[in-house]
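Participant: give the three-dimensional model of this entry:
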Amino acid sequence: MSDPDQLIPEEEEDLLDWATWAELFAVGYIRILADAIERGDADLQVDPVAWENTLSAVEEVMEEHIRGRLHGPTAITVEDVERMRRLRGLGSAALSGGGRSPELCPLALRCMESLFGRDWKRAAREAAFHTRALNQEFHRS
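Facilitator: Sure, this is the predicted structure:
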């Protein structure tokens with residue numbers, strides 16, 4: 001009898017593709033928001049709906065890591081997912097005009113590291129670049 005959690009190759013490819021994009025854009029948005037808050041910018045440069053959708057998606061990706069259906073450069077833990085949820089909440093509050101918690105920036109660094117390991121700084125720079133480019137293209141259309 002086959003395992004109901006077993007994916008066919010096409011589903012595995014779709015899951016991996018979705019996970020890759022979710023992680024890329026989540027780290028991009030995290031980096032953009034954390035940098036804007038750290039600089040004290042009035043414009044936080046992240047669409048609140050995009051933030052919420054992307055961080056919710058990356059939480060699902062992280063849960064797939066825990067289930068063993070995905071593998072990455074780090075071993076994702078339940079605590080990592082909880083930190084990401086906390087970051088999503090803090091970011092949403094900041095983006096809606098609420099307070100800018102001093103916890104947000106250090107938490108953002110831990111969340112990016114949980115996704116990309118020791119190479120998170122390079123990955124975050126690249127992700128932010130691609131996220132900004134996509135947002136500019138989207139808003140031109």
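Participant: for the nearest residue to R125 once chain neighbours are set aside, give me its contacts.
Facilitator: What sits nearest to R125 in space, not counting adjacent residues and going by CB to CB, 6 or more residues apart in numbering, is R31, at 7.3 Å. In this view, the C-beta of every residue, glycine as well, is placed from N, C-alpha and C. When contacts are counted by CB atoms under 8 Å, 6 or more residues apart in numbering, R31 touches 108, 112, 124-125, 127-128, 131.
Participant: and the host helix or strand of R31, what's its mean pLDDT?
Facilitator: Using DSSP states H and E, R31 sits in helix 9-39. In this model, helix 9-39 has a mean pLDDT of 89.
Participant: now do the SS call for G97.
Facilitator: With DSSP: H, G, I helix; E, B strand; the rest coil as the basis, G97 sits in coil.
Participant: can you count the residues close to it?
Facilitator: Counted with other CB atoms under 10 Å, the neighbours of G97 add up to 9.
Participant: likewise E11?
Facilitator: Counted with other CB under 10 Å, E11 comes out at 11.
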